[in-house]
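Undergrad: For reference, the sequence and a predicted model appear below.
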Amino acid sequence: MDSPLIIARAALKFSILLFAICATACSGGGGSSLGIPPNDVKSRVGPSATPAPAASGAAPTPAPSGGVPTPAATATPTPSAPGPGPSAYDAPAGTVPYFPTSPFLQTTSSPTVNPNSAAWVAHLGTFSINSLNASNSASLKTDHGMPIYLNHAGANIPVKIHCTATNNNTPCNDEGMTIYIDRREVPQNDDASDQDDHMEFIDRASGYAYDLWQVTWPPSHGILNASWSGRCLLSGNGFSNPSYSGPSWNSGCDSTASGTPISMGAIRAKDLLAAVQSGGTLPEAIQVAVPCAGPGPLPSPFLGSGDGKCRGYAPEGSHLYLAMHDSDVNALGVAPIVGVILRTLDEDHYGAYIVSVDSTPTGLQLQTEMDSTYTVWGKPGPWWTQFVPEAQNEGLPGANSPYQNRYQIQLPIPSSVAQAVRFS
């Protein structure tokens, strides 16, 4: 759906901005060690906004000009009383427990270069700083990244999902679904207005993931309001929901413009730190946001209409990678954290997929999990307590960010890397 609204995302998530074209080649170095907590910083909260689903959210494709689709009845997954289990999405490092047939798990061995690759790469732009903002969200009210919560024994409050917007009179495919929540859970939040306020609930008992965009939290009178929501099978590719019989654009985990589940490809601190120690890679391709995306159609299995405002740009769902091998990355002599990201992106491994549009002027923004996924349960947030000390130990430059509740780590990348970006 070509909505005029594009939600600003620049300060909404943990972000790693990659592929810098520097005035001079940069490199980082240093060893790997975990420890040394950073200085504490304070957090603050900005206003929230709940516009109708726009291109940067669930933005479904409008119906063909022949008419308005009739909302189809949905088969309701059986609501499940939560069983015992962990609260945080805390799978062992290097594993991906859900969406086993996801495109994010496919390697990019011997990729075929897209004929539009050079033009699309040119539109990524240039910039000279690469950074990741880690949050010390003591208030649990503001955090970058993606919040992911598991069905667990303490999640004992049943609520019905209500989407506050429709597309061509078609409700979201989660409309009326019952899920169980815990009031300690919090959505994504940030300092800026027009937040995405994402949440994902993984309900292993029913076998579905529920993704929501622009959540109103906490629920009121048994209703959980969101601008848009979708569900998809945990045992599938992250885009499939066979219980739904409505329009195809509305049939998956539909809280992002590309229909991608928020947990799919969002970098976990545990995975990143384990790969630093082993000299390996992340276990799947990486979600990235771009300044602007081209018009569809989105490649299968991605859903939704995308944020296709910029002709000549890569559409959401596009796959990008580095025309490099592990040996090439290792020869760069970059800091261990940077090496993990670059090896994950090279053609020996997974690459990245464009899943949404961000207001970052140029470059790529890599999506991560959110520390509040852990801190709401009284556990330390790994980005703040482990990643930041590791980055400092590696000698990566860092400073308090302008938002006053972030510690900004700069990730220097050799300029030659920018010349190796390709789209397949």
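TA: Great, that's in hand.
Undergrad: Spatially nearest residue to Lys270 (excluding sequence neighbours)?
TA: Closest residue to Lys270 apart from its sequence neighbours, by Cβ to Cβ, 6 or more residues apart in numbering: Ala93 at 4.7 Å. In this view, the C-beta of every residue, glycine as well, is placed from N, C-alpha and C.
Undergrad: Does Pro242 belong to a helix, a strand or coil?
TA: Applying DSSP: H, G, I helix; E, B strand; the rest coil to Pro242 yields a three-state assignment of coil.
Undergrad: neighbours around it, how many?
TA: Using other Cβ atoms under 10 Å, Pro242 is surrounded by 10 other residues.
Undergrad: Buried residues of the longest strand along the chain, list them for me.
TA: Longest strand in the chain, counting residues (DSSP state E): strand 223-233. For strand 223-233, the neighbour count (16 or more other Cβ atoms under 10 Å) marks Leu224, Asn225, Ala226, Ser227, Trp228, Ser229, Gly230, Arg231, Cys232, Leu233 as buried.
Undergrad: how about low-confidence regions in this structure?
TA: For the chain, applying pLDDT under 70 flags the ranges 1-85, 125-144, 189-195, 304-305, 359-362, 399-408.
Undergrad: Helices of that one, start to end?
TA: 117-122, 269-278, 326-330, 336-345, 372-375, 382, 388-393 (DSSP state H).
Undergrad: May I see the buried residues of the second one?
TA: Applying a neighbour-count criterion of 16+ other Cβ under 10 Å, the buried positions in helix 269-278 are Ala269, Lys270, Asp271, Leu272, Leu273, Ala274, Ala275, Val276.
Undergrad: do the fifth one as well
TA: Residues of helix 372-375 classed as buried: Ser372, Thr373, Tyr374, Thr375 (neighbour count, 16+ other Cβ under 10 Å).
Undergrad: Convert the C-alpha atoms of that helix to CSV, please.
TA: These are the backbone C-alpha positions of helix 372-375, laid out as CSV (Å, rounded to 0.1, in the frame of the first residue of the first chain):
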residue,chain,number,x,y,z
SER,A,372,14.6,-5.4,27.6
THR,A,373,13.9,-8.9,26.3
TYR,A,374,16.1,-9.9,29.2
THR,A,375,16.0,-7.0,31.7
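Undergrad: Next SSE downstream of that helix?
TA: Next helix or strand after helix 372-375 toward the C-terminus (DSSP states H and E): helix 382.
Undergrad: packing partners for that next one?
TA: helix 269-278 (3 or more Cβ pairs under 8 Å, 6 or more residues apart in numbering; DSSP states H and E).
Undergrad: what's the angle from the helix it packs on to helix 336-345?
TA: Relative orientation of helix 269-278 versus helix 336-345 (axes from the mean of the first three to the mean of the last three Cα atoms, to 10 degrees): 100 degrees.
Undergrad: CA atoms only for helix 269-278, dumped as CSV, please.
TA: C-alpha atoms of helix 269-278 as CSV (Å, rounded to 0.1, in the frame of the first residue of the first chain):
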residue,chain,number,x,y,z
ALA,A,269,24.3,-10.4,21.5
LYS,A,270,24.8,-14.0,22.5
ASP,A,271,25.4,-15.1,18.9
LEU,A,272,27.6,-12.1,18.1
LEU,A,273,29.8,-12.6,21.2
ALA,A,274,30.1,-16.4,20.7
ALA,A,275,31.2,-15.8,17.1
VAL,A,276,33.8,-13.3,18.3
GLN,A,277,35.3,-16.0,20.5
SER,A,278,35.2,-18.7,17.8
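Undergrad: on that earlier part again, including distance to Ser248, could the helices of the chain go into TSV?
TA: Converted to TSV, these look like this (distance: least, Cβ to Cβ, whole Å):
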stretch	distance to Ser248
helix 117-122	25
helix 269-278	32
helix 326-330	38
helix 336-345	30
helix 372-375	30
helix 382	37
helix 388-393	42
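Undergrad: close enough to count as contact, Leu322 and Val417?
TA: Yes - using Cβ atoms under 8 Å, Leu322 is in contact with Val417, at 6.7 Å.
Undergrad: intersection of neighbour lists for those two?
TA: Residues touching both Leu322 and Val417 (Cβ atoms under 8 Å, 6 or more residues apart in numbering): Leu342.
Undergrad: Which two of the buried residues of strand 223-233 have the greatest separation?
TA: Asn225 and Leu233 (24.6 Å; Cβ to Cβ).
Undergrad: out of the buried residues of strand 223-233, who's nearest Thr108?
TA: Cys232 (23.6 Å).
Undergrad: Kindly state the beta-bridge partners for the closest one.
TA: Ala209 (DSSP bridges).
Undergrad: Now do the contacts for it.
TA: Cys232 touches Phe99, Tyr208, Ala209, Asp211, Gly238, Phe239, Ser240, Asn241, Gly252, Cys253, Pro261, counting by Cβ under 8 Å, 6+ apart.
Undergrad: Ignoring the adjacent residues along the chain, who's closest to the second one?
TA: What that stands for is Tyr208. Arg231 is the one closest to Tyr208 (Cβ to Cβ, 6+ apart), at 4.6 Å.
Undergrad: One more: Tyr180?
TA: Leaving aside its chain neighbours, Tyr180 sits nearest to Ala155 (4.5 Å; criterion: Cβ to Cβ, 6+ apart).
Undergrad: Give the burial count for that neighbour, as a bare number.
TA: Around Ala155 there are 22 residues (other Cβ under 10 Å).
Undergrad: Now for it: which residues touch it?
TA: Pro82, Ser87, Tyr149, Tyr180, Ile181, Asp182, Glu185.
Undergrad: So which of those residues belong to strands?
TA: Cross-referencing these against strands under DSSP E gives Tyr149, Tyr180, Ile181.
Undergrad: got a winner among the residues you listed for most neighbours?
TA: In the ones in strands among the contacts of Ala155, the most neighbours by other Cβ under 10 Å go to Tyr149, 26 neighbours.
Undergrad: Look up the residues forming beta bridges with that one.
TA: Ala88, Phe201.
Undergrad: Next, the contact list for it, please.
TA: With contact set as Cβ under 8 Å, 6+ apart, Tyr149 has these partners: Ser87, Ala88, Tyr89, Ala155, Ile181, Asp182, Glu185, Met199, Glu200, Phe201, Ile202, Thr373.
Undergrad: Please apply the same query to Leu320.
TA: Neighbouring residues of Leu320 by Cβ under 8 Å, 6+ apart: 120-121, 288, 314, 345, 351-354, 421-424.
Undergrad: repeat for Ala275
TA: Ala93, Gly94, Thr281, Leu282, Val340, Arg343, Thr344.
Undergrad: what are the bridge partners for the residue lying closest to Ser318 once chain neighbours are set aside, then?
TA: Nearest residue to Ser318, sequence neighbours excluded (Cβ to Cβ, 6+ apart): Ile354, at 4.9 Å. Assessed by DSSP bridges, Ile354 has beta-bridge partners Val288.
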